[in-house]
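Colleague: need coordinates for the following:
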Amino acid sequence: MSFESLLFAGRAGAAAACLLAALAAGTARAQQDGAEPGAEAGVIELDPLVVQGDGESARGPVDGYAARRSATGTKTDSSILETPQSISVVTRDQMDARGVLSVGQALTYSAGVLGQPFGSDARFDAPYIRGFSAAESQYLNGLRLVRNLGSTSIEPYGLERVEVLRGPASVLYGQANPGGLVNLVSKRPTWERFGEVVAEGGSFRRAQGAFDFGGPLGEESNLAFRLTGLVRNSGTQMDRVDDDRYFLAPSFAWRPSEDTTITVFSQIQHDRSLSPIGLPLQGTIYGNPNGQLPRDLYLGDAGFDESKRTLGSLGYEFEHRFRESWTFRQNARYDHLKWNYQNLYFSGLDPDMRTAYRGTSIQEEEMDTLSLDNQVEGSFRTGVVGHRLLLGADLRAHYADTDVAFGTAPAIDIYNPDNRQPFNTAIFWSQRTRSELFQAGLYAQNQMDYRNWRLTLGLRHDWAGSNSETGAGTTRQNDSAFSGRAGLTYLFDNGLAPYVSYATSFDPVVGNEAPARGGGAFEPSRGEQYEVGLKYQPPGSRSLFTATAFDLRQSNVAVSDPANVGFQLQTGKIRVRGFELEGVANLHSGLNLISSYTYSDAEILRGEPGERGNRPALVPRHAASLWLDYAFQENSRLSGFGLGGGVRYVGQRYGDTANGINLHSHTLYDAALRYDLGNFRFSLNLNNLLDDTYVATCSAFGCYYGDGRTVLARVAYRW
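Modeller: Modelled structure (predicted):
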């Protein structure tokens, strides 16, 4: 199938969405009119669909720590208790209480997730979910953030929720790795006036001002708006590596009728954030006769290193109810990324144990992404069985123009660094790439209920294609795949909900075999998961507890071809088995809880020579966390005060698939204190309270420390 054929398939998918809407409308009309083959017209009275809850919606704010509803797992406004897959929701209240500064940091208390596996890097958020990297599996309002080397960081102040769906998700979202995905839910307009201004300062000369306000445009208006923004000037724990940002996100909502809503989202984010530069193994995780290397050591060049990145997006969510129980939705977004970057990198250590070799990395990126998701959702009954049917067609087109170059740089004394050496880099490798990526998918999902039973079935077919032009020629690749999910839940009256599920995923692998092996294009990588779990939501409470066991496998993984240097074989296979415990609770008398434990038995079943039986890189066998937060009650002497504390444990990991780099376990402690005085809130957050030193990761580009102690003081005024 050619790339042009895929474009045709995409247009066909869009047309199919319109056809699905028409068919759904016809079905609803037939049911309302009682038009059944061979029967006289009559009126069939449908049982009403009752949505349990207290006004919370799947995409809106949550009062407290524990969300009841989410759309990430089903693309419908569904109860998390009834969704047969593991979901974690980090609410706005959680992020505020913990003083979260990045999406990765928001996820550090979630089960099954390693929120900051590479330490702190202001350019990216690259969490691991169930042993697999989610750097390229991040979504904003249900639409994917596309970038080949991992999506750029998104400002957390502009988010209402950070949600994690663990396990394969291709049935609804298309190509993805099997570990799961992160869905970022933006703040959106409300129909009540509100406002907030925030000033904060902290470690590494951090200074930030932010605002968030909105509401209806006039009394009894059908228009509402929201404007969120911030300005930040900040350093990081590494000298000369800054984290500066400008962020502005206007959004509008229009309700022309009770059945129709249009919400327009936009945002622009400009960053000037360099990358941390790796340090040698000798002096970080291994000894060096010259001494241990400090966390703030900068091995770059202040006259050369520079990074300017701008990410802008414009999109909308359209929703129209065209029958009492049938709704059409269309979500669309256009993203534009421009990034000019040049930086030095660590490439090796001299035998004298103090002279580090370096190189230059220069990169210019310009990317455009258009995403479109059409959905028809309808509720009806067939006898005693209720149905919530979702039919969808989505499209994604991504265009990238990238220039990459690597060059030479002078060496540096790591114990007496000169960060302003005069030099002219000599480029030894460069490449310009113009690439196009495309995906079109058709999917169907049915959430059925019979008494206390809930059965969810889903099926999807995707067409994916890529077209890449370099100086060496043009490479085209086209793939298609089916994916699916089946899950069964039983709801006990006491709040217990055991479930079982099976889900699959696919992810295209770009590349070809060596000509000596036939030179054929690679097949998509496949994922498969069996999951069994128990969710518990005490009736009338705002709490959710989950226990899950799973067996997750990925096949068709590309590995190095030992017989053909520079080529790969598609023989790799990875298995991750484990169980997870998670509890999020709004307890009585102002006490809140977040707790998690993760056990992962990860193994490379097939891989490069010497890797079989090893553990995949950066996957700990054990991880655990606990956060408690308490607000003193109004009738107490300390009314208005609140305090919180947490502990995070990440077990021993390996920095490479050869399991030759040992990353020791670490335990970190966090603390928080706040005081509410009228419309003011004063807060103080300390992460890594005891200033523990640990190495987060090591690679060919060196080792990277995790964050030491950070202090954040904040004053917020709300009205």
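Colleague: so how far is the helix or strand hosting Arg333 off the chain centroid?
Modeller: Per DSSP states H and E: Arg333 is located in strand 326-349. A distance of 13 Å separates the centroid of the chain from that of strand 326-349, by Cα atoms, centre = their mean, to the nearest Å.
Colleague: and that strand, which residues are buried?
Modeller: By 16 or more other Cβ atoms under 10 Å, the buried positions in strand 326-349 come out as 326-333, 335, 337-339, 341-347, 349. C-betas here are computed from N, CA, C, even on glycine.
Colleague: low-confidence ranges, the stretch 401-550 of the chain, go.
Modeller: Within the stretch 401-550 of the chain, no range satisfies pLDDT under 70.
Colleague: likewise the chain?
Modeller: Checking the chain against pLDDT under 70 turns up 1-54.
Colleague: longest strand of it?
Modeller: In the chain, assigned by DSSP state E, the strand with the most residues is strand 355-382.
Colleague: quickly run through the sheet partners of the helix or strand just after that strand, with directions.
Modeller: Going down the chain from strand 355-382, the next helix or strand is strand 385-408, by DSSP H and E. Next to strand 385-408 in the sheet, as set by DSSP bridges, lie strand 355-382 (antiparallel), strand 427-450 (antiparallel).
Colleague: give me the number of residues near the nearest residue to Gly73 once chain neighbours are set aside?
Modeller: Once flanking residues are discounted, Gly73 sits nearest to Thr83: 4.3 Å by Cβ to Cβ, 6 or more residues apart in numbering. Counted with other Cβ atoms under 10 Å, residues neighbouring Thr83 total 26.
Colleague: does Thr83 touch Arg69 like I think?
Modeller: No: counting by Cβ atoms under 8 Å, Thr83 sits too far from Arg69 to count as a contact (9.4 Å).
Colleague: identify the bridge partners of Leu152.
Modeller: You called it Leu, but residue 152 is Thr. Phe124.
Colleague: what is the burial count for it?
Modeller: Thr152: 23 surrounding residues under other Cβ under 10 Å.
Colleague: assign the residue nearest the centre of the chain to helix, strand or coil.
Modeller: With distances taken as Cα atoms, centre = their mean, the residue of the chain nearest its centroid is Val182 (2.5 Å). Of the three states, Val182 takes strand under DSSP: H, G, I helix; E, B strand; the rest coil.
Colleague: what residues are bridge-paired with it?
Modeller: In beta-bridge terms (that is, DSSP bridges), Val182 pairs with Gln138, Val164.
Colleague: give the contact list for it.
Modeller: Applying Cβ atoms under 8 Å, 6 or more residues apart in numbering, we find Val182 in contact with Val103, Leu107, Asp125, Pro127, Ile129, Ala134, Ser137, Gln138, Tyr139, Val162, Glu163, Val164.
Colleague: nearest to Val619 among these?
Modeller: Val619 lies nearest to Ile129 out of these, by Cβ to Cβ, at 10.7 Å.
Colleague: am I right that the residue nearest to Gly73 falls within a strand?
Modeller: No: counting by three-state DSSP, Thr83 is not part of a strand but coil.
Colleague: for it, give its distance to Gly533.
Modeller: Per Cβ to Cβ, to the nearest Å, Thr83 is found 10 Å from Gly533.
Colleague: again, but for Ala623
Modeller: Distance of Ala623 to Gly533, computed by Cβ to Cβ: 18 Å.
Colleague: what do you get for Ala409?
Modeller: Counting by Cβ to Cβ - Ala409 and Gly533 are separated by 51 Å.
Colleague: Glu580 too?
Modeller: Using Cβ to Cβ, Glu580 is found at 9 Å from Gly533.
Colleague: which of those two has more neighbours?
Modeller: Taking neighbours as other Cβ under 10 Å, Glu580 and Gly533 compare with Glu580 leading, 25 against 21.
Colleague: that one sits in which helix or strand?
Modeller: Per DSSP H and E: strand 568-586 holds Glu580.
Colleague: same thing with Gln105?
Modeller: helix 103-106.
Colleague: tell me the first helix or strand C-terminal of that helix.
Modeller: Scanning forward in sequence from helix 103-106 by DSSP H and E, the next helix or strand is strand 113-114.
Colleague: quick one: strands adjacent to that following strand?
Modeller: If you go by DSSP bridges, strand 113-114 pairs up with strand 128-129 (antiparallel).
Colleague: after the partner strand, which helix or strand is next?
Modeller: Of the helices and strands lying after strand 128-129 in sequence (DSSP H and E), the nearest is strand 132-133.
Colleague: follow-up on the earlier one: check which residues of the longest strand of the chain are buried.
Modeller: Buried residues in strand 355-382 (16+ other Cβ under 10 Å): 356-363, 365, 367, 369-381.
Colleague: quick check: closest non-adjacent residue to Tyr357.
Modeller: Gly348 (4.4 Å).
Colleague: and what of Gly640?
Modeller: Looking at Gly640 with Cβ to Cβ, 6+ apart, the closest residue is Asp676, at 4.7 Å.
Colleague: using CSV, list the CA coordinates for the helix or strand that contains the one you found.
Modeller: Asp676 belongs to strand 666-677 when assigned by DSSP H and E. Taking Å, rounded to 0.1, in the frame of the first residue of the first chain, the C-alpha atoms of strand 666-677 are listed here in CSV:
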residue,chain,number,x,y,z
HIS,A,666,17.2,5.1,46.7
THR,A,667,14.7,6.4,49.2
LEU,A,668,13.6,10.0,49.2
TYR,A,669,11.4,12.0,51.6
ASP,A,670,9.2,15.0,50.8
ALA,A,671,7.4,17.5,53.1
ALA,A,672,4.8,20.2,52.7
LEU,A,673,3.4,23.0,55.0
ARG,A,674,0.6,25.4,54.1
TYR,A,675,-1.6,28.1,55.7
ASP,A,676,-4.9,29.3,54.4
LEU,A,677,-5.8,32.9,55.4
